Structure formats: structure tokens, C-alpha cells
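Asks: got a sequence here, can you model it:
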Amino acid sequence: MAAATAASRTAGLLLSPRLLIASRHLQASASEGSARDASTSFIHPAAVVHPDAAIGQGVSIGPFCTVGASARIGDSCRLHTGSHVTGHTELGEGCVVHTGAILGADLPGRTIIGENNVIGNYAVVGVKCQDLKYKPGDECFLRIGNNNEIREYCSIHRSSKSCDCTVVIGDNNLIMGSCHVAHDCKIGSNNIFANNTLFGGHVIVEDCTHTAGAVVVHQFCHIGSFSFLGGGSVVAQDVPRYTMVAGDRAELRGLNLEGLRRNGFSDQEVCSYY
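Replies: Predicted coordinates:
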């Protein structure tokens, strides 16, 4: 089906060359353990890296960063000044974490971030949910795929409780500044969320959706693939696939014709949805 073909199209993010530092700058005592083992990595003297942290090769960790005991940093990652990785957090290969970003939390559970993701300035990813049903000691989870760009001041929370309520974000998403993904959400791939898009808890977003700025989606709503949410919309009901909604409260405005065209749907396919 053409819709499935269009949904499968992805575009990886291009990363700038990783910082290469001569090994003569990497002298460290044996007591600092595996955090200093990778001879091609650079860890600034002002960074605080726990001896038990697992650091890959070609990693750059800037000044005033902190890396916790249970953190795992993949090859070729770059942690910019003052960024933090804490708790049981895994960072895949080739990720870039910008200044002030915080990944993970000292809570039961895990934050797992895939490869080639960019985390923007002062974003918080994998922190405790804002939900009163969370009970201290419950495991909570967040899993993010590959090639996502999560811009400045975004907040993405872990799940609210144990079991199958993991927060999941797919691949190749652009999540612009100050967006919020709450507990127990399921986000697909190839989505574009403009600034200040806010998803309440338990929201499901399929693939290839697009929101304009300042969109609010109520808890438990389901947003279908190839849909478009107009700027300033307050979405309190499910949004069907291929459609466009707008308003407070959002109402159906017709097919998302421009979005379908950009995703390669033919005129015949579009006409068949009328």
C-alpha cells in the first residue's frame, strides 16, 4: 500500500565530525576505572565521571558535565559543557547532548536512547513523570529510537508505573523547542512537532504527523498517521488518519492534502479518501 510505503521513508541526521583529541591528553589514574579506558576519548578535567560509568570510544565529555555510575555512553557521543547523564541511562552511538541537558534520573527503571540523536540545550529527557499515581519505588521507563532531534527546553518523561507502560518514541522525529511528551505516551516515527506542542499522558501518535505551534493534546487521544494539527489547536478527541484539524476545541477541516502530497501520495490515492 502506498501509505505504508510513504510511512517507511526516513532521513538520517547528519552529524558533524566528532572531536578527536590526542591520547597524550588522556592520562588518568587506574582508580578512575572504565570511565577513562577509551584511549581515543576526551574527558575534560572539570567533568565528573563516575569510575563505574561505561564510556565508549571516541567520546567527548566537556567541562562541568556529570556522568553517573550506571550510565552507558556509546561510541562517538559528544556531551557539551554542563550536560548531565544520570541513573540507569543508555546513550547510543553518535549522540550529541547540548549544554544544560539532563538525561535520566536516579529512579528505578531505565532511559534508553538510540543512535545519532541530538538533545538540545536544557532539555530534560527521562525524568520523573508529573503524575500522582506514580509511587516511589516503581520502575519507570523511556525508550527513544534513532536519528531524532529533540530541541531546546523540551521535556520528555518516563512512564508513570511499571509493566508495559514504557514511553516510546520512534525514529527520525523533529521535536522542536519547548515541546512536552508526558508519561505513558507512544510516539511513532517521522513526525514533526512545532514549538510548544504538548502531549498529555497516554497519548498515541502514529507516523508522519505534523503539528503547528502551541498545540495541546488531551490525555488518551490517538493521533492518526499523516494528520495535521493546526496552530493553537486544543485536541480533545481522536484525530483520524490523513486529516487536518484546527480550533479550540479542534474540529475536522478536511484531508491533509498538502501533507499527503509531500509524502508521495498520488492524486488518485488522495481522491479515493474523499
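Asks: which residues touch E149?
Replies: Residues in contact with E149 (C-beta atoms under 8 Å, 6 or more residues apart in numbering) are L13, N117, V118, G120, N173, L174, I175. Glycine gets a C-beta too; all of them are placed from N, C-alpha and C.
Asks: any chance of those in a markdown table, plus distance to G87?
Replies: A markdown table is the format used below for the contacts of E149 (distance: C-beta to C-beta, whole Å):
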| residue | distance to G87 |
| --- | --- |
| L13 | 25 |
| N117 | 17 |
| V118 | 21 |
| G120 | 20 |
| N173 | 23 |
| L174 | 26 |
| I175 | 21 |
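Asks: report the buried members of these.
Replies: N117, V118, G120, N173, L174, I175 (16 or more other C-beta atoms under 10 Å).
Asks: what are the ranges of the helices in the protein?
Replies: Along the chain, the segments classed as helices by DSSP state H run 2-7, 257-262, 267-272.
Asks: ok, back up a step: any chance of the buried ones among the contacts of E149 in a markdown table, plus pLDDT and distance to F220?
Replies: Formatted as a markdown table, the buried ones among the contacts of E149 follow (pLDDT from 0 to 100; distance: C-beta to C-beta, whole Å):
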| residue | pLDDT | distance to F220 |
| --- | --- | --- |
| N117 | 98 | 27 |
| V118 | 98 | 30 |
| G120 | 98 | 28 |
| N173 | 98 | 21 |
| L174 | 98 | 24 |
| I175 | 98 | 20 |
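Asks: now, which of these sits nearest A182?
Replies: Of all these, I175 has the smallest distance to A182: 13.2 Å, by C-beta to C-beta.
Asks: so G177 is in contact with C154, correct?
Replies: Yes: if you go by C-beta atoms under 8 Å, G177 and C154 touch, sitting 7.0 Å apart.
Asks: looking at the buried ones among the contacts of E149, point me to the pair that's furthest apart.
Replies: Farthest apart among these - using C-beta to C-beta - are G120 and N173, which lie 13.0 Å from each other.
Asks: how many other residues sit next to K135?
Replies: 9 (other C-beta atoms under 10 Å).
Asks: what's near enough to touch the closest residue to E258 other than its chain neighbours?
Replies: Of all residues not flanking E258 in the chain, F228 sits nearest, at 7.8 Å (C-beta to C-beta, 6 or more residues apart in numbering). For F228, the contact set (C-beta under 8 Å, 6+ apart) comprises T209, H210, T211, A212, T243, M244, V245, N256, E258, G259.
Asks: what about G177 and C154, which has more around it?
Replies: The residue with more neighbours, out of G177 and C154, is C154; 25 against 18, by other C-beta under 10 Å.
Asks: what stretches of the stretch 151-274 of the chain score poorly on pLDDT?
Replies: Along the stretch 151-274 of the chain, segments meeting pLDDT under 70 span 163-165, 273-274.
Asks: would you confirm that V203 contacts H180?
Replies: No: contact criterion C-beta under 8 Å: V203 and H180 do not qualify, at 10.6 Å.
Asks: hey, what's I43 bridged with?
Replies: On the basis of DSSP bridges, I43 is bridged to I61.
Asks: I'd like to know how far it sits from R78.
Replies: I43 is 12 Å from R78, where distance means C-beta to C-beta, to the nearest Å.
Asks: so what sits against both of these two?
Replies: Common contact partners of I43 and R78 (C-beta under 8 Å, 6+ apart): V59.
Asks: more neighbours: these two, which one.
Replies: More neighbours surround I43 than the other of I43 and R78, with 25 against 22 (other C-beta under 10 Å).
Asks: so the more buried one touches A53, yeah?
Replies: No: contact criterion C-beta under 8 Å: I43 and A53 do not qualify, at 10.1 Å.
Asks: out of the contacts of F228, which is most surrounded?
Replies: Among those, T211 has the most neighbours (other C-beta under 10 Å), with 29 neighbours.
Asks: could you give the number of residues near A246?
Replies: By the criterion of other C-beta under 10 Å, A246 has 17 neighbours.
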